[in-house]
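Undergrad: What follows is a predicted protein model with its sequence.
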Amino acid sequence: MNRIPGSGWAAILLCLLFLIVPGCCDKERKLPQYSLKDIPIFDLSTSYSNYEWENDLKYLYQPLPKPLKDARIIVNKKKRILYLFSGETLMRIYPVNLGPDPLRDKIKQGDGRTPEGRFFICNKNPRSKYYKALGISYPSREDALRGLKQGLITKQQYKEIISAIDHGRKPPWFTRLGGAVCIHGGGIGWDWTRGCIALRNPDVNELFQVVSVGTPVTIISGLPEREVGHGSMLTSISDGRGHRSLD
């Protein structure tokens with residue numbers, strides 16, 4: 001029986017390590033192939049109903065500049081929509097899917113929830129196991145303070161999170177607060193992630209090309225405050241002339 005040389009064992013161990021380490025985000029469940037079939041055509045009329053934005057619709061079908069000037073992202077969890085803006089101009093509307101507990105705010109590691117609040121793109125992974133991925137800067141300063149008060153993180157972990165956010169870097173992702181929340185591909189069909197935001201591969205490919213690290217990301221529940229409790233994110237944004245609802 002032939003023995004495997006030492007270098008061979010090293011190669012095998014590296015391969016196993018590659019398989020174990022996740023490509024992006026929380027360890028997502030695999031999206032079954034059949035769930036990508038028979039996805040209904042995205043109905044713009046039902047997903048984009050605010051008449052105040054009708055004049056902006058022409059931009060939805062034009063090529064996007066790379067990079068997109070003054071890019072910012074807003075995700076409405078209730079509507080399963082990601083809005084891409086250039087300044088105050090709506091450029092794209094992408095349908096998304098979330099995790100098994102899609103509408104409540106993320107509290108801790110493994111709760112299957114998508115965080116709410118104000119974040120930024122903290123890294124870009126072109127080789128994610130879910131096609132391509134944009135890392136979100138969760139936990140935020142507010143999440144870190146909450147985690148410290150609840151005993152989920154230590155004072156040192158709190159300081160590390162705050163320092164990373166203040167310097168525009170990726171905060172520690174592997175504390176009891178959870179992390180590695182990304183906007184990534186893999187397809188849509190149902191809420192199949194562990195709390196990440198999943199897009200169709202062509203959509204995340206376009207988004208990946210036009211936004212950069214540091215792009216602001218706002219994630220809202222999209223639910224009335226009475227349904228989500230005190231302190232929830234507002235379900236509208238200001239355009240300088242009033243408010244445009246994202247419900």
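TA: That came through fine. Numbering: from 1, shown residues only.

Undergrad: top strand in the protein by residue count?
TA: strand 117-125 (DSSP state E).

Undergrad: Would you mark the buried spots in it?
TA: Judged by neighbour count using 16 or more other C-beta atoms under 10 Å, the buried positions of strand 117-125 are G117, F119, F120, I121, C122, K124, N125. C-beta here means a position set from N, CA and C on the backbone, and glycine is covered the same way.

Undergrad: partners of that strand, with directions?
TA: Strand 117-125 sits in its sheet next to strand 133-136 (antiparallel), strand 216-220 (antiparallel), going by DSSP bridges.

Undergrad: Check the spacing between the residue lying closest to V210 once chain neighbours are set aside and N125 real quick.
TA: Closest residue in space to V210, ignoring its immediate chain neighbours: L68 at 4.1 Å, by C-beta to C-beta, 6 or more residues apart in numbering. Noted for L68: a distance of 19 Å to N125, by C-beta to C-beta, to the nearest Å.

Undergrad: same question, G147
TA: Taken as C-beta to C-beta, the span from G147 to N125 is 25 Å.

Undergrad: do V96 as well
TA: To N125, V96 is 18 Å away according to C-beta to C-beta.

Undergrad: try A180
TA: Distance from A180 to N125, counting by C-beta to C-beta: 10 Å.

Undergrad: all strands of this structure, in order?
TA: Counting by DSSP E, the strands of the chain are 71-76, 81-86, 89-95, 117-125, 133-136, 182-184, 197-198, 216-220, 236-238, 243-245.

Undergrad: just so I know, which of those lies nearest R169?
TA: Nearest of these to R169, taken as C-beta to C-beta: strand 117-125 at 6.6 Å.

Undergrad: and that closest one, what's its mean pLDDT?
TA: Averaging pLDDT along strand 117-125 gives 96.

Undergrad: same deal with stretch 137-155?
TA: The average pLDDT for stretch 137-155 rounds to 95.

Undergrad: quick one: contacts for A71?
TA: L84, F85, S86, V210, V211, S212, T215 (C-beta atoms under 8 Å, 6 or more residues apart in numbering).

Undergrad: would you turn these into CSV with distance to P202, pLDDT and neighbour count?
TA: Below are those laid out as CSV (distance: C-beta to C-beta, whole Å; pLDDT from 0 to 100; neighbours: other C-beta atoms under 10 Å):
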residue, distance to P202, pLDDT, neighbour count
L84, 14, 94, 24
F85, 20, 92, 21
S86, 19, 92, 18
V210, 13, 96, 19
V211, 15, 97, 23
S212, 20, 96, 12
T215, 19, 97, 21
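
Undergrad: biggest separation within those, which pair?
TA: Using C-beta to C-beta, the contacts of A71 span at most 14.3 Å, a distance reached by F85 and S212.

Undergrad: For the protein, give me the ranges with low pLDDT.
TA: Filtered on pLDDT under 70, the chain yields the residue ranges 1-58, 225-247.
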